[in-house]
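[1] Pasting a predicted model and its sequence here:
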Amino acid sequence: KVERPLSLSFDDLRRLPRLSSRPTIVCEGYFEDVANWAGASLATLLDRAGVQPSARLIEFVCADGYAQSITIAQARSPDAYLAYELEGKLIPVLHGFPLRAILPELTGYNWAKWIVEIRVL
């Protein structure tokens, strides 16, 4: 549900304005962790794609077959972005390379790893 479907390379994403933060990821019952992340704003990507007014969700599609959905409002949060860096270096595969969703307002299971596609529904 976009006006202008995007196909961006990893380098294209890295050329977008960079966001960084040090949020706490909470996976209830398992762990909490604080780290420095950096990446591209989800709101910027949605604006470039021209999200249609009827859209309600975005779905992260991951390289391992996992998919996770969040609302458009959650994706447009100023704190929501697609991270490509962890502690100043490219994200290691274990932590989600090429892209990981950083969603400080949501619990850790929403922080999808290995993102290769985003669908607007």
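    It's in. Numbering: from 1, shown residues only.
[2] make it CA atoms for all contacts and neighbour counts henceforth
    OK.
[3] Residue 48: what secondary structure?
    Per DSSP: H, G, I helix; E, B strand; the rest coil, the secondary structure class of residue 48 is helix.
[4] Just list the residues touching it, thanks.
    By CA atoms under 8 Å, 6 or more residues apart in numbering, the residues touching residue 48 are 4, 6.
[5] How much space separates it from residue 6?
    In this view, residue 48 and residue 6 are 8 Å apart by CA to CA, to the nearest Å.
[6] so who does residue 14 touch?
    Contacts of residue 14 (CA under 8 Å, 6+ apart): 39, 40, 84.
[7] Cross-check the contact I'm expecting between the first one and residue 21.
    No: shown here, residue 39 and residue 21 do not form a contact pair, counting by CA atoms under 8 Å, at 9.4 Å.
[8] Looking only at neighbour counts, state which of those two leads.
    Taking neighbours as other CA atoms under 10 Å, residue 39 and residue 21 compare with residue 39 leading, 25 against 16.
[9] Now the more buried one. Nearest residue, chain neighbours left out?
    Using CA to CA, 6 or more residues apart in numbering and skipping the chain neighbours, the partner closest in space to residue 39 is residue 83 (4.0 Å).
[10] burial measure for the one you found, as a count.
    Residues near residue 83, counting by other CA under 10 Å: 30.
[11] repeat for residue 12
    Other residues near residue 12 come to 9 when the count uses other CA under 10 Å.
[12] The residue of the chain positioned farthest from its centre and residue 101: what is the separation?
    The centre of the chain is farthest from one residue, residue 29, which by CA atoms, centre = their mean lies 23.0 Å away. From residue 29 across to residue 101, the span is 20 Å (CA to CA).
[13] re earlier: ok, the residue nearest to residue 39 to residue 53 distance?
    For residue 83, the distance to residue 53 equals 26 Å [CA to CA].
[14] Now, the contacts of residue 14 that are in strands?
    39, 40, 84 (DSSP state E).
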